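>>> predicted structure and sequence below. I'll ask about it afterward.
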Amino acid sequence: MSFEIEFQKRLKSAGRSFDLQISFASQAQRTVIYGPSGAGKSLCLQAIAGLLRPDSGRILVQGKTLFNSTSGVNLPAQNRGLGFLFQDYALFPKLNVRQNIAFGLSTGLLNPAREVSSPAIERWLQAFELNEVAQQLPHELSGGQRQRTALARALVNQPQALLLDEPFSSLDPALRERMRDELHALLDRIDIPMLMITHDPEDLRRFGDARLLLKQGRICHEDHQDERGHAE
């Protein structure tokens, strides 16, 4: 089972509350969560990634328990073996593109050197057309370049699963299609599950082996595809 998710979280702000009650299981390699803004999609990904602690429940990815309120398991985000692409990119403002990508390989607290290099870093710099801006800081990049840098950082360490929050939304149409192709090929090669948040029907079509509609904090519809691509 790629994802086994069942958790509850109540969030309160300005006298209002929002209840997130997520329950789904997916054997698909590529699972897409879609739904209206404010439905709780990004919060769901944050909980799976270890950035938001649920009040109760359990989270398993590839059979590994990442969170279980009953047994007291709550692995830190850095120990979950997940690649996460934030919707707002979350790049380090004082690190250049090369360093930001390299941070995905880092196991310590020190920032990577400005000229850091490895086959994995060079591969993603080239694949995402970032070689010419490799020494630039995030504020010197276009929105698309920032997003490509963040996506490269999420992929560089070949994690056991990918969590992607609107990964192609800031790219121009031609590059968006190339990045979809690259991600598709990567998933075929390294054979890891992916969970994506999107509003784009083309993302849903290309990556939605399992499609989960999220509304008001709850999964209200599941659509799984059989091996021929037909809905079950």
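In hand now; what should we look at?
>>> quick check: which ranges of this structure have low pLDDT?
Per-residue confidence for the chain (pLDDT under 70) gives these ranges: 107-109, 224-232.
>>> helices of that one, start to end?
Listed in chain order, the helices of the chain (DSSP state H) span 41-49, 97-102, 119-127, 143-155, 173-190, 201-207.
>>> residue 86: which of these is closest?
Across these, residue 86 has its closest neighbour in helix 143-155 (6.5 Å, Cβ to Cβ). Just so you know, the C-beta spots here come from the backbone N, C-alpha and C atoms, and that holds for glycine as well.
>>> quick one, strands of this structure?
Counting by DSSP state E, residue ranges of the strands within the chain are 3-13, 16-26, 30-34, 56-61, 64-68, 73-74, 82-85, 161-165, 194-197, 210-215, 218-224.
>>> between the second one and strand 56-61, how big is the angle?
Interaxial angle of strand 16-26 relative to strand 56-61 (axes from the mean of the first three to the mean of the last three Cα atoms, to 10 degrees): 40 degrees.
>>> what is strand 16-26 packed up against?
strand 3-13, helix 41-49, strand 210-215, strand 218-224 (3 or more Cβ pairs under 8 Å, 6 or more residues apart in numbering; DSSP states H and E).
>>> quick revisit: same list (the strands of the chain) but as a markdown table, adding mean neighbour count and distance to residue 186.
Shown next, in a markdown table, are those (neighbours: other Cβ atoms under 10 Å; distance: least, Cβ to Cβ, whole Å):
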| stretch | mean neighbour count | distance to residue 186 |
| --- | --- | --- |
| strand 3-13 | 16 | 19 |
| strand 16-26 | 16 | 19 |
| strand 30-34 | 23 | 12 |
| strand 56-61 | 19 | 18 |
| strand 64-68 | 18 | 21 |
| strand 73-74 | 13 | 29 |
| strand 82-85 | 23 | 11 |
| strand 161-165 | 24 | 9 |
| strand 194-197 | 26 | 9 |
| strand 210-215 | 20 | 19 |
| strand 218-224 | 14 | 22 |
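>>> would you list those strands in TSV and tack on distance to residue 152?
Below are those laid out as TSV (distance: least, Cβ to Cβ, whole Å):
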stretch	distance to residue 152
strand 3-13	24
strand 16-26	26
strand 30-34	19
strand 56-61	22
strand 64-68	24
strand 73-74	29
strand 82-85	10
strand 161-165	12
strand 194-197	16
strand 210-215	26
strand 218-224	30
